[in-house]
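# Make a model of this:
(one chain, ligands or ions: 3)
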Amino acid sequence: MKIAVLPGDGIGPEVTAQAVKVLKAIQSDGLKFEMEEAPIGGAGYDAAGDPLPEATLKLANAADAVLLGAVGGYQYDKLPRPMRPEQGLLRIRKELNLFANLRPAILYEELADASSLKPEIVAGLDIMIVRELTGDLYFGQPRGIRVNANGEREGFNTMLYSESEVRRVAHTGFQIAMKRGKKMCSVEKANVLETSELWREVVLEVAKQYPEVELSHMYVDNAAMQLVRNPKQFDVILTGNIFGDILSDEASMLTGSIGMLPSASLNENNKGMYEPIHGSAPDIAGKNIANPLATILSVAMMLRYTFNQEESALRIEAAVKSAISQGYRTADIYVEGTRKVGTVEMGEAVVAAL
Ligand SMILES: NC(=O)c1ccc[n+]([C@@H]2O[C@H](COP(=O)([O-])OP(=O)(O)OC[C@H]3O[C@@H](n4cnc5c(N)ncnc54)[C@H](O)[C@@H]3O)[C@@H](O)[C@H]2O)c1
Ligand SMILES: CC(C)[C@H](C(=O)O)[C@@H](O)C(=O)O
Ligand SMILES: [Mg+2]
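Residues are numbered from 1 along each chain as shown. Ligands and ions are numbered 1, 2, ... in the order given. Next comes the predicted model:
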């Protein structure tokens, strides 16, 4: 099993190193991983003048799965847009056709105290956000900054979805819903946006093939509110690229920290890229304080979705749970009475639990 490892920037290399340790340890299940590293994001720009160097893309194309840390850093913010770290990430998602981004928000009961919400509101929380990842405002043309008729600059982006783009991610959503609670909420803004109007029409059409799934629709502003009012009303949330980006960061805090939320980005053959949903966190980079659990849990998703090794995936998730119940906490999920540890120590605790 070939894995391209792209640590990226900021805390990316720190959290990725812990996930790689877990991958090495899980080889005791009889799995064999060939891992090769390459730069992406700011690291790609520094090494090759490109946030997605050709050699990195080649490696990712040849691999069965990609493990990614995070990209970005203030020092790159003034570069022309195509050279910025975030563009490297968007390009690799597009190149590998990773249109379905799964972002599960699960509360480990031991972390109820770390959640932004009261324990009774989040107890047992288990939501799956299915976010479309290769369309929407992120990729729609035209886009840019131009001078308008009044001689004033204006910025513009295009929210764009074709029927086929909505259809394929809707199928992913319904298929996941069938394996879970058979309940899905499609989130958009059809009261205002034509893109969303079409989204809703297509989702309703695809729904006919999944009569067992209870489908509902919700406007994104209400969904943002409902997520903190009563998050357990949701099982699967299906949504577009920009709304999914925002709602998944919001959902992460229900589980205690953004450092807890993993993700899988899949194409139609379940080739996948696996990354935590958080960014490069420049404010805490290089200090050994970042939470590596989101990245470690992303490795579990890799074993589940790309390599079909459900038992090993469950074993990693159980090891994370065990490290947490033994009291190990990075700063972001620390509460009084637990053991505050660094990034490396948390990785070691998971490996020991494995
Ligand atoms: N997938 C990605 O690579 C990705 C995702 C989001 C943001 N970014 C980039 O990251 C850079 C920083 O963006 P930002 O600050 O808006 O978002 P961020 O997710 O990097 O950080 C937001 C806050 O969460 C904290 N945080 C994030 N991950 C953490 C972890 N594992 N453990 C503990 N705390 C953690 C950070 O310290 C920060 O206070 C930007 O350049 C942005 O474009 C990249
Ligand atoms: C860095 C950025 C391009 C990225 C996104 O918006 O998709 C990030 O926020 C994420 O959630 O993975
Ligand atoms: Mg995001």
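# So what touches stretch 215-230?
Identification of contacts with stretch 215-230 by Cβ atoms under 8 Å, 6 or more residues apart in numbering yields 116-117, 121, 183-191, 200, 203-204, 207, 233-234, 237, 239, 243, 246-247, 250-251, 254. The way it works is simple: take the backbone N, C-alpha and C, and place the C-beta from them, glycine included.
# Which of those are buried, as a PyMOL select command?
The command below creates a PyMOL selection of those among those that count as buried (16 or more other Cβ atoms under 10 Å):
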select buried, resi 117+121+184+185+186+187+188+189+190+203+207+234+237+239+243+247+250+251+254
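# So which of the contacts of stretch 215-230 belong to strands?
Among these, the members found in strands (DSSP state E) are 183-188, 237, 239.
# now for those, which pair is the farthest apart?
Largest separation among these by Cβ to Cβ: K183 and E188, giving 17.3 Å.
# what about the residue in the stretch 151-300 of the chain that ligand 1 sits nearest to, how many residues close to it?
Across the stretch 151-300 of the chain, the shortest distance to ligand 1 (Cβ to the nearest ligand atom) belongs to G279, at 2.3 Å. Neighbourhood size, G279 [other Cβ atoms under 10 Å]: 21.
# what do you get for G12?
With other Cβ under 10 Å as criterion, G12 counts 31.
# Nearest residue to it in space, please, no chain neighbours.
G69 (2.6 Å; Cβ to Cβ, 6 or more residues apart in numbering).
# From the contact counts, what lies against the helix or strand that contains that neighbour?
G69 is part of strand 65-70, with elements assigned from DSSP states H and E. Secondary structure elements in contact with strand 65-70, counted by 3 or more Cβ pairs under 8 Å, 6 or more residues apart in numbering; DSSP states H and E, are strand 2-8, helix 12-26, helix 85-95, strand 272-274, helix 293-305.
# buried set for the third one?
Under the neighbour-count criterion of 16+ other Cβ under 10 Å, helix 85-95 has 85-94 buried.
# out of those residues, which touch ligand 2?
Restricting those to those near ligand 2 by Cβ under 6 Å from any ligand atom leaves 86, 89-90.
# Mind exporting the C-alpha coordinates of the helix or strand that contains A318 to CSV?
According to DSSP H and E, A318 maps onto helix 310-325. The C-alpha trace of helix 310-325 is given here as CSV (Å, rounded to 0.1, in the frame of the first residue of the first chain):
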residue,chain,number,x,y,z
GLU,A,310,-12.0,-1.7,9.0
GLU,A,311,-10.6,-3.7,11.9
SER,A,312,-7.3,-1.8,11.9
ALA,A,313,-9.2,1.5,11.6
LEU,A,314,-11.3,0.6,14.6
ARG,A,315,-8.1,-0.3,16.5
ILE,A,316,-6.6,3.1,15.9
GLU,A,317,-9.9,4.8,17.0
ALA,A,318,-9.9,2.6,20.1
ALA,A,319,-6.3,3.6,20.8
VAL,A,320,-7.2,7.3,20.6
LYS,A,321,-10.0,6.7,22.9
SER,A,322,-7.8,4.8,25.3
ALA,A,323,-5.2,7.6,25.3
ILE,A,324,-7.9,10.1,26.1
SER,A,325,-9.4,7.9,28.9
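# got the buried residues for that helix?
Counting neighbours by 16+ other Cβ under 10 Å, helix 310-325 gives 312-313, 315-317, 319-321, 323-324 as buried.
# sorry, back to before: my read is that the residue nearest to G12 contacts H278, right?
No. Counting by Cβ atoms under 8 Å, G69 stays clear of H278, with 9.8 Å between them.
# between those two, who's got more neighbours?
Looking at G69 and H278 with other Cβ under 10 Å, you find the greater number of neighbours at G69, namely 30 against 25.
# residues contacting the closest residue to A294 other than its chain neighbours?
Of all residues not flanking A294 in the chain, P276 sits nearest, at 3.4 Å (Cβ to Cβ, 6+ apart). By Cβ under 8 Å, 6+ apart, the contact set of P276 is 15, 69-70, 259, 261-263, 294-295, 297-298.
# repeat that for 6 Å
262, 294-295, 298 (Cβ atoms under 6 Å, 6 or more residues apart in numbering).
# Could you do E197 as well?
A190.
# repeat for the one 3 residues further on
Taking Cβ under 6 Å, 6+ apart, we find R200 in contact with 190, 217.
# can you rerun that using 8 Å?
By Cβ under 8 Å, 6+ apart, the neighbours of R200 are 186, 188, 190, 217.
# what do you get for D245?
R131.
# and the gap between it and ligand 2?
4 Å (Cβ to the nearest ligand atom, to the nearest Å).
# so how far does stretch 173-193 reach from one end to the other?
21 Å (Cα to Cα, to the nearest Å).
# now that stretch, how far from the centre of its chain.
17 Å (Cα atoms, centre = their mean, to the nearest Å).
# likewise stretch 67-85?
The answer for stretch 67-85 is 17 Å, by Cα atoms, centre = their mean.
# Equivalent analysis for stretch 191-207, please.
24 Å.
# Could you number the chain from 40 rather than 1 from now on?
Right, with 40 as the first residue, what we last looked at is stretch 230-246.
# Can you report how many residues lie near the closest residue in space to I285 that isn't next to it in sequence?
Distance criterion Cβ to Cβ, 6+ apart; nearest residue to I285, sequence neighbours excluded, is A263 at 7.4 Å. A263: 17 surrounding residues under other Cβ under 10 Å.
# So A263 belongs to a strand, correct?
No. If the criterion is DSSP: H, G, I helix; E, B strand; the rest coil, then A263 is helix and not within a strand.
# Contact partners for P143?
Counting by Cβ under 8 Å, 6+ apart, P143 has contacts 165-168, 300-301, 340.
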